[in-house]
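Chemist: Structure, please.
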Amino acid sequence: MTVGEQTHEQASEATRQTATLPGPFGTRQLLRLDEALRLADRSTGLTFSLYVGDLDEPVRDYAVTLHRQLPDPDQSVLIAVSPNQRVLEIVTGAEARKRIPDRDSKLAALSMVAAFGGGDLAGGLISGIDQMASRAGRA
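Modeler: Have a look, this model is predicted:
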C-alpha cells in the first residue's frame, strides 16, 4: 500500500466517524425535527424553536431568557429540554399564549415526557410540536 491509499475497511471506518453527529439526534431525526418545526411555523404563523442541552439554574428563568433572545418572542414558542437534567420547559410569548393556553402546553408536555420515558426524544418533541401547532390553529 502506498501513501494515501486506504483499504476499503479503513475508508468505511473514516466515513462512519465523519457521519456521526454530536448530540442526541441522528441525521434522520434532525430532518424530521426540522420538518416538524417548519410545518408548525408555516401553518400557525408562530415561530416554534427547540433548545436541547443543559439548562442553567433556575431552569425556568434560563428558558425564559433563551425565549427572550428569539427574533420575535411575542409570537414564539420555545421548547427547552435537558435530557441529562430530566427537565422540560415550554415558554410561550404573549401572542402565542393566546392561541396555546398553558393548559394545552401542559398536555403537550405530558405527551412529550411519556415519549422521553420510552427513549424517544425526537419523537416526543415532534409530537409535542404537532400538538401545540394543532391547538394554535391556522394563521
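Chemist: Show me what the longest helix along the chain packs onto, helices and strands only.
Modeler: Counting residues, the longest helix in the chain under DSSP state H turns out to be helix 27-44. Here helix 27-44 touches strand 47-52, helix 121-136, going by 3 or more CB pairs under 8 Å, 6 or more residues apart in numbering; DSSP states H and E. Placement of C-beta: from N, CA and C, glycine included.
Chemist: One more pass at 10 Å, please.
Modeler: On a contact count with 3 or more CB pairs under 10 Å, 6 or more residues apart in numbering; DSSP states H and E, helix 27-44 meets strand 47-52, strand 76-82, helix 121-136.
Chemist: ok, Glu95 - contacts?
Modeler: Glu95 sits next to Gly45, Leu46, Asp72, Pro73, Asp74, Gln75, Ser76 when contact means CB atoms under 10 Å, 6 or more residues apart in numbering.
Chemist: if we go to 7 Å?
Modeler: By CB atoms under 7 Å, 6 or more residues apart in numbering, the residues touching Glu95 are Asp74, Gln75.
Chemist: how about the residue most central in space within the chain, what does it touch?
Modeler: Geometric centre of the chain, nearest residue: Leu50, 3.6 Å, by CA atoms, centre = their mean. Leu50 is in contact with Leu33, Leu37, Ile79, Leu125, counting by CB under 7 Å, 6+ apart.
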